[in-house]
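Undergrad: return atomic coordinates for the entry below.
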Amino acid sequence: MTSESPITVAVDCMGGDHGPRITLAACRRFLSNHPEAHLLLVGRPETLAGLSDPRARIVSATEVVEMDDSLEVALRKKKDSSMRVAIEQVRDGKAGAAVSAGNTGALMAIARYVLKTMDGIDRPAIAGQMPNFKGGGTTMLDLGANVDCTPEHLLQFAVMGSALVSVLQDKQNPTVGLLNIGEEAIKGNEIIKKTGELLRSAGNMGDLNFHGNVEGNDIFKGTVDIVVCDGFVGNVALKASEGLATMIGGFLRTEFSRNILTKIAALLAYPVLSAFKNRVDHRRYNGAALLGLRGLVFKSHGSADEVAFEMALNRAYDASRNQLLDRVRERIAHAAPLLMGAQVDHAEPAVTTP
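TA: All right, here's what the predicted structure looks like:
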């Protein structure tokens, strides 16, 4: 699929907390804003008839991966799930990217099984954006796919994240920060210290633009374009970010329901708090990339509304249109001398024979 060809995105319309009620509404919005785009609507045909557009074609899938399904059920027993069929459209060259709001663990496992990992990559990572005070987003990875990481894995994440930002934000030399408990190179555990050494070496070789260590508040300051960490820390930070907007929204609703003095105070503060709430609204940053696979897959938040799900579709479309896979391959190939030491966990998931 070339950049001149019409870009097609495969959509798991059954996944997430709301299913077709939200995904179809988002697809309709997406098509109206992208007159040159095409969609493959994957799911049970009888539930997808509500969207009639010549650029949207239904692809039948009889099963649905539920949010509480185990990996074994998702991989072995639901071979005709909407999630799997959507990813197979990418593998077969019928779509440039796939989007799902379904079970994150199942999505990663199925995507890794169907698409396989790129040469030079041991573990795919989840990369998404966190809102920052500069009005944009700080790309962070990993957001939950890999709890335990070696320094080499974190180096791979930095290289892949650089490719992602260069494509989606048009920054050819994005800055990379390593999340740590302090800016000094001597701080952190042994894994972080070793990772810092690798990232500095990669910076000296021109493989990435390494800023140095960053702390948690730097994510929201927008100190760097990309923050690298393991999936445990990344997922905690993600949930904290999502909770911030919820907290502010709850505060506004609560204060407007109290006595006249608090109502007046809330009214005066409302414009500032409302603008801040909009800036940190996680819907604006929905759509995390599963990087390191031989195909493009994007994960939407399971509770996404139509606005948020459309954002995930936008990111998948932009990544395919701007040939993100080629960018990742180029950067990985350039960093190959440093990455040679990372071939320590190049294995498929434990369940590999569904």
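
Undergrad: partner residues bridging residue 125?
TA: residue 291 (DSSP bridges).

Undergrad: and the one 5 residues further on, by the same measure?
TA: According to DSSP bridges, the partner residues bridging residue 130 are residue 138.

Undergrad: so how far is residue 319 from the residue nearest the centre of the chain?
TA: Nearest to the mean C-alpha position of the chain, by CA atoms, centre = their mean, lies residue 288 at 1.0 Å. The gap separating residue 288 from residue 319 is 11 Å, by CB to CB, to the nearest Å. Yep, even glycine has a C-beta here, placed from its N, CA and C like the rest.

Undergrad: and for residue 115, the neighbour number?
TA: Neighbourhood size, residue 115 [other CB atoms under 10 Å]: 21.

Undergrad: and the helices in the stretch 51-200 of the chain, which stretches?
TA: 71-72, 82-91, 104-115, 151-168, 190-204 (DSSP state H, counting those that start in this stretch).

Undergrad: mind checking those for the one nearest to residue 314?
TA: helix 151-168 (9.5 Å; CB to CB).

Undergrad: identify the residue nearest the residue nearest to the centre of the chain in space, chain neighbours excluded?
TA: Excluding its sequence neighbours, the residue lying closest to residue 288 (CB to CB, 6 or more residues apart in numbering) is residue 128, at 3.4 Å.

Undergrad: which ones are touching that neighbour?
TA: Contact partners of residue 128, counting by CB atoms under 8 Å, 6 or more residues apart in numbering, are 139-141, 143, 238, 285, 287-289, 299.

Undergrad: now with 10 Å?
TA: 137-144, 164, 234, 238, 241, 282, 285-289, 298-299, 301, 312, 315 (CB atoms under 10 Å, 6 or more residues apart in numbering).

Undergrad: okay if I get the helices of the stretch 51-200 of the chain as JSON lines plus mean pLDDT and distance to residue 329?
TA: Below are the helices of the stretch 51-200 of the chain laid out as JSON lines (pLDDT from 0 to 100; distance: least, CB to CB, whole Å):
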{"stretch": "helix 71-72", "mean pLDDT": "92", "distance to residue 329": "28"}
{"stretch": "helix 82-91", "mean pLDDT": "98", "distance to residue 329": "16"}
{"stretch": "helix 104-115", "mean pLDDT": "96", "distance to residue 329": "14"}
{"stretch": "helix 151-168", "mean pLDDT": "94", "distance to residue 329": "9"}
{"stretch": "helix 190-204", "mean pLDDT": "94", "distance to residue 329": "17"}
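
Undergrad: residue 51: which of these is closest?
TA: The closest of those to residue 51 is helix 82-91. By CB to CB, the value is 14.7 Å.

Undergrad: other SSEs contacting the closest one?
TA: strand 8-12, strand 38-43, strand 56-60, strand 97-100, helix 104-115, strand 296-299 (3 or more CB pairs under 10 Å, 6 or more residues apart in numbering; DSSP states H and E).
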